[in-house]
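J.: Got a predicted model here, sequence first, then my questions.
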Amino acid sequence: MQKELSSYLHQLLSCDRYNDYAPNGMQVEGKDEIRRICTAVTASDDVINQAITWKADALLVHHGYFWRGEAPVITGMKRQRLNKLLRHDINLLAYHLPLDCHPELGNNACLAKLFDVDSVQMHRAGNTDNLLWSGRLAQTMTHTVLTDFLNKKLGRIPLSVAGNDKLISRIAWCSGGAQDFIEEANRLGADAYLSGEISERTYYQAKELGIHYYSCGHHATERYGIQALGEYLASYFKLEHLFIDSNNPV
Ligand SMILES: [Zn+2]
């Protein structure tokens, strides 16, 4: 079951297509029999504790371990996390870029549905196909109205920068820490760009390029893909599924 699940996911999410910052797929091998799966944005200590309590056989996340450039030793918090997973025989599977870009289950695809946009298009950004998305809002909005709209949809008030005084119809978005695609979004002709985080420089980019910017939360923009994937797998493989929305204000 364990091998079947990981090879199914490898195909489904087209993992071979990506040159990612972390390994996609099985990161920590656990028990072979998988009946109960948990999903979460990040494989944090809190998430692992909840997965243990729920008696999960596998944990699927967007942010796993072994990131490029990370110290190649197992000490401190990394040891603590791995120790808990190994002791409880929990499989850890992680999908990063494949889960941002997937046309139906990915974070950006889920945001398209959440924001109710049409004329959706996917674009190449940062050497990755289909990472930056754009589309048209159902209604034209002012900067303030779009702030309220995003607050209602994502459950938090975005940190926003008004780039001009024009109305917003076409938006571009990329989940997570993708604020630096603001120039690409501007080149696409978007009126506003939405991502998860903001840098000091983003403020000037929004003002000087003349594009509205919304920092909607890294966690808040990435809780949808992994959840959709969990629900999909639960029905396909007849598994029990629990999404753990371990709060993270960033
Ligand atoms: Zn992320």
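T.: Looks like it arrived, so ask away. Numbering: from 1, shown residues only.

J.: The protein: strands as residue ranges?
T.: In the chain, the strands defined using DSSP state E lie at 25-28, 36-42, 58-63, 91-94, 118-125, 128-141, 159-161, 168-173, 192-195, 212-215, 240-243.

J.: Paired strands for the fifth one, with orientation please.
T.: When you say that, I think you mean strand 118-125. strand 128-141 (antiparallel) (DSSP bridges).

J.: does the strand it pairs with come close to the ion?
T.: No. Judged by CB under 5 Å from the ion, strand 128-141 and the ion are separated, with a smallest distance of 11.8 Å. In short, each C-beta sits where N, CA and C put it, glycine included.

J.: ok and that strand relative to strand 168-173, angle-wise?
T.: Strand 128-141 runs at 150 degrees relative to strand 168-173, counting by axes from the mean of the first three to the mean of the last three CA atoms, to 10 degrees.

J.: Going forward, count from 40.
T.: Noted, 40 is the first residue going forward, which turns the last one into strand 167-180.

J.: Model confidence score at the spatially most central residue of the chain, please.
T.: Residue closest to the average C-alpha location in the chain (CA atoms, centre = their mean): Glu261, at 3.0 Å. pLDDT for Glu261: 98.

J.: Pick out the residue of this structure closest to the ion.
T.: Nearest residue of the chain to the ion: Gly215, at 3.3 Å (CB to the ion).

J.: so how far is Met180 from that residue?
T.: Between Gly215 and Met180 the distance is 23 Å, computed by CB to CB, to the nearest Å.

J.: near the ion, which residues of the chain show up?
T.: 215, 261.

J.: that older thread, pick the most buried one from the strands of the chain.
T.: The highest mean neighbour count among the strands of the chain, using mean count of other CB atoms under 10 Å, belongs to strand 231-234: a mean of 28.

J.: Provide the contact partners of that strand at residue level.
T.: Here strand 231-234 makes contact (CB atoms under 8 Å, 6 or more residues apart in numbering) with 150, 182, 185, 189, 197, 202, 207, 209-218, 220-221, 224-225, 245, 250-255, 260.

J.: one step back: could you pull up the residues touching the residue of the chain closest to the ion?
T.: 139, 146, 234-236, 257, 260-261.

J.: ok, now with 7 Å
T.: Neighbouring residues of Gly215 by CB atoms under 7 Å, 6 or more residues apart in numbering: 139, 235, 257, 260-261.

J.: try Asp157
T.: Residues in contact with Asp157 (CB under 7 Å, 6+ apart) are 174-175.

J.: Tyr263 versus that one, what's the distance?
T.: 18 Å.

J.: Residue ranges of each domain in the chain, please.
T.: Segmentation of the chain into domains, based on automatic domain parsing, reads 41-135+263-281, 146-258.

J.: and of those, who's closest to Val289?
T.: The closest of the domains of the chain to Val289 is domain 146-258. By CB to CB, the value is 5.4 Å.

J.: looking only at pLDDT, what's the mean for the closest one?
T.: Mean pLDDT, domain 146-258: 97.

J.: Please compute how far it lies from its chain's middle.
T.: 15 Å (CA atoms, centre = their mean, to the nearest Å).

J.: Quick one: residues contacting the residue lying closest to Cys255 once chain neighbours are set aside.
T.: Nearest non-adjacent residue to Cys255, counting by CB to CB, 6 or more residues apart in numbering: Pro197, 4.6 Å away. Shown in contact with Pro197 (CB under 7 Å, 6+ apart): 186, 189-190, 253-255.

J.: Thank you kindly, that will do.
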